[in-house]
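> Need coordinates for the following:
(chains A, B and C)
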Amino acid sequence: MKTTVAELARILGGKVEGAGDRPVETLSKIEEAGPKSLSFLANPKYEEFLYTTQAAAVLVERDFAPRKPVTASLIRVANPYEAFIQVLKQIHTPPQRLGIESPCHVGKCVHLGQQVYVGAFSYIGDHSHIGDKVKIYPQVYIGEHVKIGEGTIIYPGVRILDYCEVGRHCIIHANAVIGSDGFGFAPQKDDQYVKIPQVGNVVLEDDVEVGANTTIDRATLGSTVIRRGVKLDNLIQVAHNVEIGEHTVVAAQSGIAGSTRVGRRCSVGGQVGIIGHLTIADDVKIAAQSGVGKSITKPGSVVQGSPAFCINDYRKCYVLFRKLPELQARLENLSVQIQKAGQDEF
Amino acid sequence: MKTTVAELARILGGKVEGAGDRPVETLSKIEEAGPKSLSFLANPKYEEFLYTTQAAAVLVERDFAPRKPVTASLIRVANPYEAFIQVLKQIHTPPQRLGIESPCHVGKCVHLGQQVYVGAFSYIGDHSHIGDKVKIYPQVYIGEHVKIGEGTIIYPGVRILDYCEVGRHCIIHANAVIGSDGFGFAPQKDDQYVKIPQVGNVVLEDDVEVGANTTIDRATLGSTVIRRGVKLDNLIQVAHNVEIGEHTVVAAQSGIAGSTRVGRRCSVGGQVGIIGHLTIADDVKIAAQSGVGKSITKPGSVVQGSPAFCINDYRKCYVLFRKLPELQARLENLSVQIQKAGQDEF
Amino acid sequence: MKTTVAELARILGGKVEGAGDRPVETLSKIEEAGPKSLSFLANPKYEEFLYTTQAAAVLVERDFAPRKPVTASLIRVANPYEAFIQVLKQIHTPPQRLGIESPCHVGKCVHLGQQVYVGAFSYIGDHSHIGDKVKIYPQVYIGEHVKIGEGTIIYPGVRILDYCEVGRHCIIHANAVIGSDGFGFAPQKDDQYVKIPQVGNVVLEDDVEVGANTTIDRATLGSTVIRRGVKLDNLIQVAHNVEIGEHTVVAAQSGIAGSTRVGRRCSVGGQVGIIGHLTIADDVKIAAQSGVGKSITKPGSVVQGSPAFCINDYRKCYVLFRKLPELQARLENLSVQIQKAGQDEF
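Here you go, the predicted model:
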């Protein structure tokens, strides 16, 4: 990127305060910016850095009023963070990998679309269908009868097992596993377990992102379904026959047990556990480390705790949990007073 | 599968109610069944689907009494779910992979048994022993001096490091790691840590199943041991020198710290943590998200909480935790009454 | 190892009690030792094994007084465990892998140092720099413009993505992922999310150890930084732009959310969650399964709970949580007494 403060302001529909002819060559966080950097100020926590930054220009809100002198030029915009992301997206050119590297294994009756990339040491099983512009990085395993939709990116070490389906424009990060067996065993009278065959598959719809080392088990029967636009972070467990609704976001290390259905536009914090066979309504928010033990039927609920309940109630209870020694002391004290009062009566 | 309702009933020792000559070609969940499907009704939650299902036949309990008209044929059996699993197992033919794909790396002095499968890009280190009928999928790493017992299946991306031993008829799911170094460091006076060599190994006995992306660390000395019939779900951490007793089941994302011994036939819920150097008795059940901080000596204990204690007690306490604002209000109220009573006396 | 009890005592500066000429060939845990084993007794829990062990010699503390007859020779030293580790390190010769196995992929303009090992099916992207004596096991992925410092060991299945930097003498265990995209999305008005490009990298300084299946996300801008001497256990999540200070140790399955800075010499227990944008002071200890929801500014703090607070306070509160039924009963009882007292007055 080679541009100027004034040119950036023009593109972003912003207003320059200070020199407009300063060159801008890169983007940086405000605390790390050098003299040819564009930066931004969105979180007031970081305001102090504005007065010491070496940045050429800083994106700020339209009505921002600095409390001290600023050496950087300011570009006033409606939303500094969004403007910054807009520039970031324009300058970011993802690596353009193309073609079939050698050695790789492409099975029988495999369909490879136009402009695909298949990295070395990747394995594509028989009868699989790879859409146009799909990028399969090195060392990926794709089983038999798998479908990968157009424009999807599959990072190194991902495993997608037989019969699974991945939609268009998905991103699957390194070492994620799609279609491992569900954890299904029938207990026997001799305390042993017999494995229940897991004959279903996993279906990821379009625009799904799956984090590194995340695991999504295939259904016992039917499909484990991740709907359009769902974003899963790293190290998440999605069990067999789960369904996650459109545009739901799940943070790292959460787990969803078998056959649970999570609604649309939900937000699941990190390290959350949801037990099996539940239904979670749309627009539900679950705080980090919560454990959901029963269905949440009211859309828009916000819950916390293990087991989880209404977050405001949880917080009140937790405040009192921290005051338990005090409550106990008061109880003790009352007890003494009553004792005393009782004795006084005699 | 091409059969009829009557034929299935005969095989399962069941009794047909309705047409016996309907063709059956597949198995489905009751809510998704088509006109040539066999389904089952075990959980009363799903009974409503019985009255709308398109299934050819539904397995139900011997004395089940429908509350509405049913168009599907019923097959009455002692245990519908088990009967269904029985059919599922009969029709399920796992892929029959065989032979040595190219390229793969087979080291010096490796023993490869009869009828093995070694997928492309797999690596078998020197002096390892691969039993008969073992299936090693592509991109698997097997270190040196490793032993893999007869009939074991190792999915893509599994890593089994030097000197580890895997029993017969085990299943190890994609990207699991067996035999990574234990987390052992000796703190030094300068605040640094010096690594303690981890010279032990991991031993999986027969019929063990290990989930995707699960990690089992090698012992510092001796062996980390997973006994016969143990089932580990995905993303589990088993630390160095742990021992897990026969037929114990551990749900996803749980972690067991170093040198802890878990008994036989235990059931460990998801996201449980067990600290190191403990002993857990046989037949213990640990509820999801619990943290076990001391040994559990009584067989058959059922615990919950972090730290965990008797589940019934935990639940009573948690009910009261949720009532803390109410308890506090009552305490306040009593306080006022006593205050008032005290003043009245004057 | 072929030595004698007396010779070991000489090396360790210890004093022999019993036969010094017994041969020693191996190291074992005290409960598993054979007649040619050296073992140690550090934890009093294991003292009973001293009286039944078959070991040739056992390392004990200088002033240890056995309560029963011992058949093993004793070697008295200042710190039995450290002495044992010292011997363990001397006899442990890690496998000496060297050279470039075939097939592997080495991209354009790659610098390979002296005495490196590159295992089969490994992939090194263009413009990467591999230092001297680096060992890259099979099936490793190293992206473009990656730097790996001298003497670092990278186990099978590790993925290190474009532009990441790994210091000297690091150890990265199997299937760990370094440099996956941070979990950054900008919510849109139509409930969809737009991916924020993640253009930063990950920097591991020297002497860092990263556990199996652990994930470290690249920074959105700048670097996710793991400082010198940090030890990360298995299945840990480190989000984008996190910084972990020197010699901090994190146990398995913990997660640190975006932009949080953890201090030096901290100790983070297993399954801990730390939310984003916090600052954790130096020398802080966080108990297992805790959830840290706000910055910890006081160095040396020890915390527990979710949300976490001072561990001693937490323990007092948790004791009372377990007594809630009792507290409620007392409250009930007081209530009745007051009621009664009130009625008596009439």
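> Show me which residues of the stretch 1-150 of chain A sit near chain C.
Residues of the stretch 1-150 of chain A found near chain C (C-beta under 8 Å from any C-beta of the partner chain) are A:27-29, A:32, A:45, A:81-82, A:85, A:88-89, A:92, A:94-95, A:101, A:103, A:119-121, A:137-139. To be clear about C-beta, it is placed using only N, CA and C from the backbone, and glycine gets the same treatment.
> tell me the centre residue of chain A?
A:Asp233 (3.7 Å; C-alpha atoms, centre = their mean).
> now it: how far from C:Phe185?
10 Å (C-beta to C-beta, to the nearest Å).
> Just the buried positions in stretch A:316-331, please.
Neighbour counts over stretch A:316-331 (16 or more other C-beta atoms under 10 Å in any protein chain shown) mark A:317-318, A:320-324, A:327-328, A:330-331 as buried.
> Now for A:Ser39: which residues touch it?
Each residue near A:Ser39 by C-beta atoms under 8 Å, 6 or more residues apart in numbering or on different chains is listed here: A:27-30, A:33, A:53, A:55, A:57-59, A:72, A:84.
> Spell out which helix or strand contains it, please.
Using DSSP states H and E, A:Ser39 sits within strand A:37-40.
> Next, work out how far apart the closest residue to A:Cys266 other than its chain neighbours and chain C are.
Leaving aside its sequence neighbours, A:Cys266 sits nearest to A:Thr248 (C-beta to C-beta, 6 or more residues apart in numbering or on different chains; 4.3 Å). Using C-beta to the nearest C-beta, to the nearest Å, A:Thr248 is found at 10 Å from chain C.
> pretty sure A:Thr248 is in contact with A:Val230, am I right?
Yes - if you go by C-beta atoms under 8 Å, A:Thr248 and A:Val230 touch, sitting 5.2 Å apart.
> the more surrounded of the two?
Higher neighbour count among A:Thr248 and A:Val230: A:Val230, with 26 against 23, using other C-beta atoms under 10 Å in any protein chain shown.
> For the more buried one, give me its contacts.
A:Val230 neighbours (C-beta under 8 Å, 6+ apart): A:205, A:208-209, A:244-250.
> ditto for A:Ser73
By C-beta under 8 Å, 6+ apart, the contact list for A:Ser73 reads A:5, A:16-20, A:22, A:56-58.
> cool, A:Arg168 as well?
Contacts for A:Arg168 were tallied using C-beta under 8 Å, 6+ apart; they are A:131, A:149-152, A:206-207.
> follow-up on the earlier one: and the next helix or strand past the strand holding A:Ser39?
helix A:47-50.
> can you list the residues of the stretch 151-300 of chain A near chain C?
Contacts of the stretch 151-300 of chain A with chain C, taken as C-beta under 8 Å from any C-beta, map to A:155-157, A:171, A:173-175, A:207, A:209, A:211-213, A:229, A:231, A:233-235, A:246-247, A:249, A:251-253, A:264-265, A:270-271, A:288-289.
> Out of those, list just those in strands.
Counted as lying in strands by DSSP state E, out of these, are A:171, A:209, A:231, A:249.
> And A:Leu74, what's its pLDDT?
On the pLDDT scale, A:Leu74 is placed at 96.
> Thought A:Val16 was touching it, still the case?
Yes - A:Leu74 lies in contact with A:Val16 (C-beta under 8 Å); the separation is 7.3 Å.
> Next, show the common contact partners of these two.
Residues touching both A:Leu74 and A:Val16 by C-beta under 8 Å, 6+ apart: A:Ala57.
> Between those two, point out the one with more neighbours.
A:Leu74 (23 against 19).
> element containing that one, please.
strand A:73-77.
> Dump stretch A:216-224 to CSV, restricted to CA.
Extracted in CSV, the C-alpha atoms of stretch A:216-224 (Å, rounded to 0.1, in the frame of the first residue of the first chain):
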residue,chain,number,x,y,z
ILE,A,216,-17.5,-32.3,14.5
ASP,A,217,-18.8,-35.8,14.8
ARG,A,218,-20.9,-37.5,12.1
ALA,A,219,-24.5,-38.4,12.9
THR,A,220,-25.5,-41.9,14.0
LEU,A,221,-28.2,-41.6,11.4
GLY,A,222,-28.9,-38.6,9.3
SER,A,223,-26.7,-35.5,9.6
THR,A,224,-24.9,-33.3,12.1
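> can it be found next to chain B?
Yes - with C-beta under 8 Å from any C-beta as the measure, stretch A:216-224 is seen reaching chain B through A:217, A:221-222.
> Go through the residues of the stretch 1-150 of chain A next to chain C and flag which are in helices.
Among the residues of the stretch 1-150 of chain A next to chain C, the residues falling in helices (DSSP state H) are A:81-82, A:85, A:88-89.
> still on that earlier bit, can I get the buried ones among the contacts of A:Arg168 as something I can paste into PyMOL?
Buried residues within these, by 16+ other C-beta under 10 Å, are selected in PyMOL with:
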select buried, chain A and resi 131+149+150+151+152+206+207
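> longest helix anywhere in chain A?
Longest helix in chain A, counting by DSSP H: helix A:324-345.
> Name the residues that touch it?
A:320, B:327-328, B:331, B:334-335, B:338, B:341-342, B:345, C:313, C:316-317, C:320-321, C:327, C:330-331, C:334, C:337-338, C:341, C:344.
> do the same with stretch A:303-312
Taking contacts as C-beta under 8 Å, 6+ apart, the residues outside stretch A:303-312 that touch it are A:273, A:284-287, A:289-294, A:296, A:301-302, A:314-315, A:317, B:289, B:306, B:318, B:322, C:306.
> Repeat the analysis, applying 7 Å as the threshold.
Stretch A:303-312 has contacts (C-beta atoms under 7 Å, 6 or more residues apart in numbering or on different chains) with A:286-287, A:290-293, A:296, A:302, A:314, B:289, B:322.
> now whatever residue of the stretch 1-150 of chain A ends up closest to chain C: how far from A:Val116?
Going by C-beta to the nearest C-beta, chain C is nearest to A:His92 of the stretch 1-150 of chain A, at 3.8 Å. For A:His92, the distance to A:Val116 equals 22 Å [C-beta to C-beta].
> who has more neighbours, those two?
Legend: neighbour count by other C-beta under 10 Å for A:His92 and A:Val116, higher for A:Val116 (19 against 13).
> Tell me, what's the model's pLDDT at the nearest residue to the more buried one once chain neighbours are set aside?
Sequence neighbours aside, A:Val134 is the residue nearest to A:Val116 in space, at 5.0 Å (criterion: C-beta to C-beta, 6+ apart). Predicted confidence (pLDDT) for A:Val134: 98.
> Please apply the same query to the one 10 residues further on.
On the pLDDT scale, A:Glu144 is placed at 97.
> ok, it touching A:Ser128?
Yes - if you go by C-beta atoms under 7 Å, A:Glu144 and A:Ser128 touch, sitting 6.5 Å apart.
> between these two, who's got more neighbours?
Between A:Glu144 and A:Ser128, counted using other C-beta under 10 Å, A:Ser128 has the larger neighbour count: 24 against 18.
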